[in-house]
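J.: The following block contains a protein sequence and its predicted model.
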Amino acid sequence: MNNRSRFLLPLGAALLLGAALVLRLFLTGPEATVPAGSPPSTTVSPVSPSASVSAPAAPRAQPPSPVRSGSQAVASSEGRGATEVPIGPGDVVPEPEVENAPPQQNDPIEPELPQTPEWKHGKLVRMTELMERDVERLEEERLVAEANGNTEEAKKLQVRISRYRTSLMKLHEQRAGLAGEVSQERAAQ
């Protein structure tokens, strides 16, 4: 692809866009540039100098919009302001914001429960249960991977299983130590 063809497509697109903009400006004329909500302007008749100037037309009165009941919103009178919602039964009117308002009180923070040996033992029991469940799941995935002939995935899963089993052995040791502490604490009470 040569350098000329790189610039021809963007240049052609720019020319088409420019031509479309110019045509739109010439074809729409000045009446399209007047905003829709502005009153009509006064015009002078070019036929005779003695002709009178036409007065602007009186703005039309808009019929009042019907008020909707319930939770439906009622548009503001101008049609472009904020949406007003009528207050219904059971609605709570918000308080207006006050400058330099006093700080709000937060809910009190509950004190942390003591981490007794019994509590720690319960946590370790739960952790070992979850890890044993993960080892079983990984074993099933490894068997499926071997059955499908995916030896690479089976090797990865075997490495994960061996790491999980090492962690499980450490958890079982900690659990045994805490079980002794829990039994001593119960005997002391």
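T.: Sure, I can see it.
J.: use CA for all of it now, contacts and neighbours both
T.: Will do.
J.: What segments of this protein are helices?
T.: According to DSSP state H, the chain carries its helices in the segments 3-28, 117-147, 151-188.
J.: want to throw those helices into CSV with mean neighbour count?
T.: Converted to CSV, these look like this (neighbours: other C-alpha atoms under 10 Å):
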stretch, mean neighbour count
helix 3-28, 11
helix 117-147, 15
helix 151-188, 14
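J.: want to throw these into JSON lines with distance to Q104 and mean pLDDT?
T.: JSON lines is the format used below for those (distance: least, C-alpha to C-alpha, whole Å; pLDDT from 0 to 100):
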{"stretch": "helix 3-28", "distance to Q104": "58", "mean pLDDT": "84"}
{"stretch": "helix 117-147", "distance to Q104": "35", "mean pLDDT": "93"}
{"stretch": "helix 151-188", "distance to Q104": "44", "mean pLDDT": "92"}
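J.: a markdown table please, covering those helices and showing distance to N106.
T.: A markdown table is the format used below for the helices of the chain (distance: least, C-alpha to C-alpha, whole Å):
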| stretch | distance to N106 |
| --- | --- |
| helix 3-28 | 60 |
| helix 117-147 | 29 |
| helix 151-188 | 37 |
